[in-house]
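Visitor: this one's structure only:
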């Protein structure tokens, strides 16, 4: 089973600029609609099965939540679902939004 890692905002920015990562946002739908990291896709109980079936599990995956706490549990779950490189974004969307 693969391990997940925490990812700081600076490293996340670099990885995004290089087009290396896919981003999933686990916040509620209203929060996602109000604002999200460009290119992020929402991930929830309603679309989890489809995501697991279609996602590129070889491409680095970053999980984003509100503040970087809930994403750690989801990152651990996804690492157990054969994703090779999984990260939890430190500070979550709120930290990202402050810098952007």
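Guide: That came in fine, so what should we check first? What you see is a predicted model; the values in this text were computed from it and never measured.
Visitor: For the chain, which segments are assigned as helices?
Guide: When assigned using DSSP state H, the helices of the chain occupy the ranges 9-17, 29-34, 48-54, 70-79, 92-99.
Visitor: just so I know, which of these lies nearest residue 60?
Guide: Residue 60 lies closest to helix 9-17 among the helices of the chain, at 6.7 Å (Cβ to Cβ). For the C-beta atoms, the positions are set from N, CA and C on the backbone; glycine is no exception.
Visitor: for the closest one, packing partners?
Guide: For helix 9-17, the packing partners by 3 or more Cβ pairs under 8 Å, 6 or more residues apart in numbering; DSSP states H and E come out as strand 86-89, helix 92-99.
Visitor: from these, which stretch is densest packed?
Guide: For the helices and strands packed on helix 9-17, ranked by mean neighbour count under the definition mean count of other Cβ atoms under 10 Å, the leader is strand 86-89 at a mean of 26.
Visitor: Which residue is the nearest non-sequential neighbour of residue 59?
Guide: Excluding its sequence neighbours, the residue lying closest to residue 59 (Cβ to Cβ, 6 or more residues apart in numbering) is residue 22, at 5.5 Å.
Visitor: surely that neighbour meets residue 63?
Guide: No. Counting by Cβ atoms under 8 Å, residue 63 is not a contact partner of residue 22; they are 10.1 Å apart.
Visitor: And these two? Which one has more around it.
Guide: Neighbour count, other Cβ atoms under 10 Å: between residue 22 and residue 63, residue 63 has more, with 29 against 16.
Visitor: ok, what's across the strand from the more buried one?
Guide: Partner residues in beta bridges with residue 63, using DSSP bridges, are residue 24, residue 88.
Visitor: Confirm for me that it is in contact with residue 74.
Guide: Yes. When contacts are counted by Cβ under 8 Å, residue 63 is listed as touching residue 74 (4.9 Å).
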